[in-house]
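Colleague: Next come a sequence and a model predicted from it.
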Amino acid sequence: AQSVTQPDIHITVSEGASLELRCNYSYGATPYLFWYVQSPGQGLQLLLKYFSGDTLVQGIKGFEAEFKRSQSSFNLRKPSVHWSDAAEYFCAVGPGSGGGADGLTFGKGTHLIIQP
Amino acid sequence: DVKVTQSSRYLVKRTGEKVFLECVQDMDHENMFWYRQDPGLGLRLIYFSYDVKMKEKGDIPEGYSVSREKKERFSLILESASTNQTSMYLCASSLFGGAGANVLTFGAGSRLTVL
């Protein structure tokens, strides 16, 4: 069974500082990988996705993520955070090209706090 | 853009009541999903559907049922609500096959409180 681990429940970062949110997955083959963001009281918005090819993917709002097969990781980064980035961030894994469309498996989320 | 609309943002119900959560998507997506979100547990899949009148159990289907009579509408039903079903419920949709099937678009959520 596939699983996703986000080791950090909470992260506090100063505005303007760089950010890295960690994500590790467990899956038998190369999965599809996603990062979603959830602002308070809202649904989830897709930040970026990885299907294949270039292991560094760019997303919306200045975010990027790097797929590292050897480490089973898909960490999210941003060079300089803004107060509006405060939110809950979810990493998710899908079954990849060989699997069916039976939904994504999500990590438990990382709550990002931005200090002024 | 795909829009997924959950008609009820906030609901308060009593134990034992029957509860309907409605979800409508406007982009002709085949797949629709219901997730439950709880603090510290992330999102857990309750049910999904890949076609009208088709449904599949997710990871936590107990206490829930679903209905999909039309392609654009997917309803989550709590036959007899209990306090442990107090949660945020998220609906999502996606295309049927290929990589697009994995790209979920979410609604804003329905926060249910059962007293």
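Modeller: Sure thing, it's come through. Numbering: from 1, shown residues only, chains lettered A, B, ... in the order given.
Colleague: Tell me, please, where in the chain the pLDDT is lower than the cut-off.
Modeller: Went with chain A since none was named. A:96-101 (pLDDT under 70).
Colleague: Not quite, go with chain B.
Modeller: Residues of chain B meeting the criterion pLDDT under 70: B:1-2.
Colleague: Strands along that one, start to end?
Modeller: For chain B, applying DSSP state E gives strands covering B:4-6, B:10-13, B:19-25, B:31-38, B:42-49, B:56-57, B:65-70, B:73-78, B:87-94, B:105-106, B:110-114.
Colleague: and the fifth one with strand B:31-38, angle?
Modeller: This points to strand B:42-49. 150 degrees (axes from the mean of the first three to the mean of the last three Cα atoms, to 10 degrees).
Colleague: Tabulate the CA atom coordinates of strand B:42-49 in PDB.
Modeller: Taking C-alpha atoms only, strand B:42-49 is exported to PDB below (Å, rounded to 0.1, in the frame of the first residue of the first chain):
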ATOM      1  CA  GLY B  42      -4.900  14.500   7.000                       C
ATOM      2  CA  LEU B  43      -7.400  13.500   4.300                       C
ATOM      3  CA  ARG B  44      -8.900  10.100   4.200                       C
ATOM      4  CA  LEU B  45     -10.900   8.700   1.300                       C
ATOM      5  CA  ILE B  46     -14.500   7.800   2.100                       C
ATOM      6  CA  TYR B  47     -16.000   6.800  -1.300                       C
ATOM      7  CA  PHE B  48     -15.300   7.500  -4.900                       C
ATOM      8  CA  SER B  49     -17.200   7.100  -8.200                       C
END
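Colleague: The residue of chain B positioned farthest from its centre and A:Gly94, how far apart?
Modeller: In terms of distance from the mean C-alpha position of chain B, B:Gly98 ranks first, at 22.1 Å (Cα atoms, centre = their mean). Separation of B:Gly98 from A:Gly94 (Cβ to Cβ, to the nearest Å): 11 Å. In short, each C-beta sits where N, CA and C put it, glycine included.
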